[in-house]
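In: Return a 3D structure for these sequence lines:
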Amino acid sequence: MTGAAFLSPAPSARLPLRPPPYEPEVAAAIQSTAFKGLSPLNLRLALANHSKLGPAFQAMAHVVLFQCALPERDREIAIIRTGALTRSEYEWGMHVSIYAEKCGLDAVQVRELTESDDWHALSPTRWTDKERLIVRMVDELHRHSTVSDQTWQSLCAGWPQAQVIELIFASSFYHMAAFFLNSAAVPLEPGAERFSAPLAQAKVAA
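Out: Numbering: from 1, shown residues only. Below you'll find the predicted structure:
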């Protein structure tokens, strides 16, 4: 498999971005994208190092992003908050760049999602009660690996059961994505948003 997209992959400090040739299923996964313009090519080339998990990861991402009934804004609030909490600059930057404006999230809201210590700190005039609940859910999943009974009951009161599952998957899947992106040091895509100080890419303290 050849082509301009595959000739000069960006360097990685850890996991190489795989050049061709590729197995047919890997080549199909690399070429498969629903994005126009900014696209997670470096992630696809990193995932190409595993011929089974890479395509499976992309298939699940496609379901989460494009085949669920959850409103796009709700999903992106969950993902952007997850990217911030996991300090995954790649994940956060791609979703802010591709979806924030499309979902009506302005710069102040993105900053609050990114920098607020917890959901209590969100401005009540900028967020609906349901949106604050999404952030509460993400915060609890991140800190406790589960949600409280009260949060679960509130989620079930606010969304149909299928969409509650989709909300949890939006945060859970992108936790997994962040762990891979951070650990593999997948290079940032040119043109994607970058963290502003004091937030920085995750690392293990020496």
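
In: So which bits of the helix or strand containing A177 are buried?
Out: When elements are defined using DSSP states H and E, A177 is found to belong to helix 161-184. Buried positions in helix 161-184, judged by neighbour count with 16 or more other Cβ atoms under 10 Å: 163-164, 166-175, 177-178, 180-182, 184. All C-beta spots, glycine's among them, are computed from the backbone N, C-alpha and C.

In: what does that helix rub up against?
Out: Contacts made with helix 161-184 from outside it, assessed by Cβ atoms under 8 Å, 6 or more residues apart in numbering, are listed as 12, 14-15, 43, 46, 57, 60-61, 64, 68-70, 74-75, 78-79, 81-83, 86-88, 90-91, 134, 137-138, 141-142, 147, 155-156, 159, 186, 201-202.

In: Which among those residues count as buried?
Out: Judged by neighbour count, with 16+ other Cβ under 10 Å as the criterion, the buried members of the contacts of helix 161-184 are 15, 43, 46, 57, 61, 64, 68, 70, 74-75, 78-79, 81-83, 86-88, 90-91, 134, 137-138, 141, 147, 155, 159, 186.

In: By mean pLDDT, which helix or strand of this structure comes out lowest?
Out: Ranked by mean pLDDT, DSSP states H and E, the helix or strand of the chain with the weakest confidence is helix 4-7, at a mean of 44.

In: so what does the next helix or strand after that helix touch, helix or strand wise?
Out: The C-terminal neighbour of helix 4-7 among helices and strands, as given by DSSP H and E, is helix 24-31. Contact analysis of helix 24-31 by 3 or more Cβ pairs under 8 Å, 6 or more residues apart in numbering; DSSP states H and E lists helix 41-47, helix 53-66 as its packing neighbours.

In: Relative to W127, which of those helices is closest?
Out: Between W127 and those, the tightest spacing by Cβ to Cβ is seen for helix 53-66, at 22.3 Å.

In: list the helices and strands the very next helix or strand once past the closest one packs on?
Out: Toward the C-terminus, helix 53-66 is succeeded by helix 72-85 as the next helix or strand (DSSP H and E). Using 3+ Cβ pairs under 8 Å, 6+ apart as the contact criterion, the secondary-structure elements in contact with helix 72-85 are helix 89-95, helix 107-115, helix 129-144, helix 161-184.
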